[in-house]
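1. Turn this into a model:
(chains A and B)
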2 protein chains.
Amino acid sequence: MYDDISAWSMRLRSGDVRALSRAISAVENGAPESEPLLRALFPHTGAAHLIGVTGAPGTGKSTLVDRLAAHFRRAGEPVGIIAVDPSSPYTGGAILGDRIRMQGHATDNGIFIRSMATRGFLGGLARATADVALVMDAAGKRRLLIETVGVGQDEVDIMGLADCTLVVLVPGLGDEVQAIKAGIMEIADIFVINKSDRSDTDRFEQQLKAMLSIIPERGGWRPPVVRTIATENKGIVALADAIQQFRQHVERSGQLQARKIASWKQRLLELLEARFLDRVVARGIGEKGLESAAAEIAARRRDPYEAVAEILKNSGLT
Amino acid sequence: MYDDISAWSMRLRSGDVRALSRAISAVENGAPESEPLLRALFPHTGAAHLIGVTGAPGTGKSTLVDRLAAHFRRAGEPVGIIAVDPSSPYTGGAILGDRIRMQGHATDNGIFIRSMATRGFLGGLARATADVALVMDAAGKRRLLIETVGVGQDEVDIMGLADCTLVVLVPGLGDEVQAIKAGIMEIADIFVINKSDRSDTDRFEQQLKAMLSIIPERGGWRPPVVRTIATENKGIVALADAIQQFRQHVERSGQLQARKIASWKQRLLELLEARFLDRVVARGIGEKGLESAAAEIAARRRDPYEAVAEILKNSGLT
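-> Reported below is the predicted structural model:
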C-alpha cells in the first residue's frame, strides 16, 4: 500500500484520511506494521486533549459527544471520536447504529469517527484504544473524545487514558442502572446531567451534590455539575467551559503530568504483557502445548501452578 | 492462624466456615499463603457445577440467584454464591446492599455467600473469581452461582468460568440497557425473562425468539427461554429443569469438557501473566524505574517500544 512506514506516517500527519483509516485498522488488529508505524508517529504525538465520556446506556452520551464535537469544530479544532462499545464482545466489527446520528459530520474533514468493539483478549481493548488515540493525535486531532458505555473495569482502564473524564447521568434513570452508588465518584472530573428538562432534575442534582459534598476533594478540584439537553444543543457551551477550566486547573497544578505518567506506566505494563504472551506461546509452550496442559489440569491430572512453573522455565524465565 | 496449610485445607474441606472465609479473603487479596493453599485444595476440586447469572442492573438477578439457591438447598445440595459487582471499581470492599435480601439464608450452613468488588489490576477480577470458585468447590459446594452485572469484558471473562450461563432479561427495560443487540446471544445457554408478569412479556418473548431463530445453533443446543417472577418464586423449578437439561446435553456431547479446557487455557495465561509482571517489577525495572520510564515517555523523551525492549532485556527476556 505504502512504499514504507515513513511515507505512510507523513501522509497520515499531513491529513490524508485514507492513511489514517488504514493506520487505525492496523493498530486495532495488531498488524505487524503497526509497531514500526506507532514508533514513527510517536514523536509527533502529545498535543491532543483526551476527553473521556462515560455513562450508562440511555444517558444520551453519543448525542452529547456529537454536540461537543460540533462545538470544538466551530472553534476550528480538528476532532477525533473513538466510540468503544463493550456490549459487543464477539462481533469483531463495531456496532455503528449510534453513529448514524453523527452523519451530519460525514462531510467534515476536520472530524474523524471510529467505533471499536471489545475483543476477547486480555486487556486488548484498552491497549487498542490507547493506540488508536495515539494515531489520531499524530494525525493532528486536537480534541479526542473517547466514549465508553457503563463503568466496568474496561471503562476504568480506558478512562485512565483521558485527561478529563465526563460522567453523564440522567434524572430518573435509577441509581442502580447508573452505578452512582460507588466507583463513579472517583473517576468523574465533571458530572453532566443530560436530559435536564426532566421534571425531577432539581431533586436529582441536589442528591448528586449531597453525595459529592461528603467525598474529599481531589487535588483542589470539586467536580462541577453541568446540566445539558444534548438533543437541543443546550448547555454545551457551559460544558466546554467546564472542560477548559479543568484543563487549566490540572495543567497549572502539575496534575496533568502526573496523570499522563500514571497512564504510561499502565501502558508499559500492558505492552510488556503482550510481548511476554507472544513469547510464551512462541517458545515456552506453543498453542498446542497450552491446550494439552489445560486438558490435563481440567482432568485434575496436573496442578496449574506446577504447569505455570514449567512453562516459565521453558520460556527462559525461572 | 493455622499450624500449616494442610491443617487449614482439611478444616476447609470438612466444612469449617471460618476456614473457608479466611481462604477466600486470602485468595481475593493474593496473600502469599494463597498459592500453597490453592495447590493443597486443587486435587479436591472439580465436582462443583458453576452457573453464571448475568444481566443488566434492575433485572432482578440477585433475587433470582436467591431463589435458585433456595431451590438447590431444598434438594440438599451445598450452594455457594459469588456476587461480582463491577460498579464498584475502587472501594476495595464489596457493596452488600443487594445481599441483604438474601439474609434469609444467613443461618443456613449449607450456603455460603461472598460479594467481590472489581479491583484495579489487569485481569485481577476474573482471576480472583476463579480462585474463589475453586476454594468453594473444595469446600464441598456442589452448585456455585456466580452473579455479574452487565455484559462487558469482565463479565465475558468471568462467564468463561461457568458451566452454564443464564442471561436475565426483563420486558420493557429497553434493548440498549440490556445490550440485547449484540454479544449476549453468544454467551447465553439459557435466557430468563424475569418479572414476566409485565404486560409486554408476550411481545418481548416473541422478539427474543425471532432474534434467536436467526443465529446458528451452537453444538446442537438452542437456548431455551424460561419465564420467571423471582419475587414470587415462580418459574424457578422450570429454570432449574432447563439448567439440568443443559448440563446433561453438554456432558453427553463432550462440550462440557471442551469448555473446561478453554477456561483452564485462559487461566493458565492469566497466571503466567501475573508471574511475569511480578518478575518484571522485582527484577527487570522496579517500581521506581517503571515510574521514571513512564515520565520520560510522557515527555516524549523516550519511545515506549524502546523502553519495553530494555525492560524485557533486564528481566532476562530478550
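2. Any residues of the stretch 201-318 of chain A in contact with chain B? List them.
-> Listed as neighbours of chain B in the stretch 201-318 of chain A under the rule C-beta under 8 Å from any C-beta of the partner chain: A:257, A:260-265, A:267-273, A:275-277, A:279-280, A:290-291, A:293-295, A:297-298, A:300, A:303-305, A:307-308, A:311-312, A:315-317. The C-beta positions use only the backbone N, C-alpha and C, and glycine is treated the same way.
3. So which of the residues you listed belong to strands?
-> Secondary structure from DSSP state E places none of those in strands.
4. Can you check the pLDDT for the closest residue to A:Glu273 other than its chain neighbours?
-> Leaving aside its chain neighbours, A:Glu273 sits nearest to B:Glu273 (5.5 Å; criterion: C-beta to C-beta, 6 or more residues apart in numbering or on different chains). Per-residue confidence (pLDDT) for B:Glu273: 81.
5. now A:Asp163
-> pLDDT, A:Asp163: 94.
6. residue boundaries of the strands in chain A?
-> Under the criterion DSSP E, strands of chain A are mapped to A:49-55, A:79-85, A:111-117, A:143-149, A:164-169, A:190-193, A:225-227.
7. what number of residues lie near the residue nearest to A:Glu273?
-> By other C-beta atoms under 10 Å in any protein chain shown, 22 other residues sit near B:Glu273.
8. same thing with the one 5 residues further on?
-> B:Asp278 is surrounded by 10 other residues when neighbours are defined as other C-beta under 10 Å.
9. Check A:Ser213 too.
-> For A:Ser213, the count of nearby residues is 8 (other C-beta under 10 Å).
10. measure it to A:Arg203 for me?
-> For A:Ser213, the distance to A:Arg203 equals 16 Å [C-beta to C-beta, to the nearest Å].
11. got it, and A:Gln245?
-> Per C-beta to C-beta, A:Gln245 is found 26 Å from A:Arg203.
12. Likewise for A:Arg300?
-> From A:Arg300 across to A:Arg203, the span is 57 Å (C-beta to C-beta).
13. same check, this time on A:Glu287
-> 57 Å.
14. Worst mean pLDDT across the helices and strands of chain A, which element?
-> Across the helices and strands of chain A, mean pLDDT, DSSP states H and E gives its lowest value to helix A:175-178, namely a mean of 57.
15. Might one say that A:Ala230 is in contact with A:Asn194?
-> Yes: contact criterion C-beta atoms under 8 Å: A:Ala230 and A:Asn194 qualify, at 5.5 Å.
16. Overlap in contacts, the two.
-> Taking C-beta atoms under 8 Å, 6 or more residues apart in numbering or on different chains as the criterion, A:Ala230 and A:Asn194 both touch A:60, A:64.
17. biggest helix in chain A by residues?
-> Identified as the longest helix of chain A according to DSSP state H is helix A:255-279.
18. Check which residues of that helix are buried.
-> A:255-256, A:259-261, A:263-277, A:279 (16 or more other C-beta atoms under 10 Å in any protein chain shown).
19. Relative to B:Arg275, how far out is the closest residue to A:Ala126 other than its chain neighbours?
-> Excluding the flanking residues, the one nearest A:Ala126 by C-beta to C-beta, 6+ apart is A:Asp157, at 3.8 Å. Separation of A:Asp157 from B:Arg275 (C-beta to C-beta) stands at 21 Å.
20. Check A:Phe42 too.
-> Counting by C-beta to C-beta, the gap from A:Phe42 to B:Arg275 is 29 Å.
21. now A:Gly140
-> 41 Å.
22. What of A:Pro57?
-> Going from A:Pro57 to B:Arg275 by C-beta to C-beta gives 37 Å.
23. for the stretch 151-300 of chain A, which spans come out with low pLDDT?
-> Scanning the stretch 151-300 of chain A with the threshold set as pLDDT under 70 gives A:151-155, A:174-184, A:284.
24. how is chain A carved up into domains?
-> A:1-44, A:45-252, A:268-314 (automatic domain parsing).
25. which one of those lies closest to B:Leu64?
-> Of all the domains of chain A, it is domain A:45-252 that lies closest to B:Leu64, at 15.1 Å by C-beta to C-beta.
26. Show me where the stretch 51-200 of chain A has its helices.
-> A:61-74, A:124-138, A:153-159, A:175-178, A:184-187 (DSSP state H, counting those that start in this stretch).
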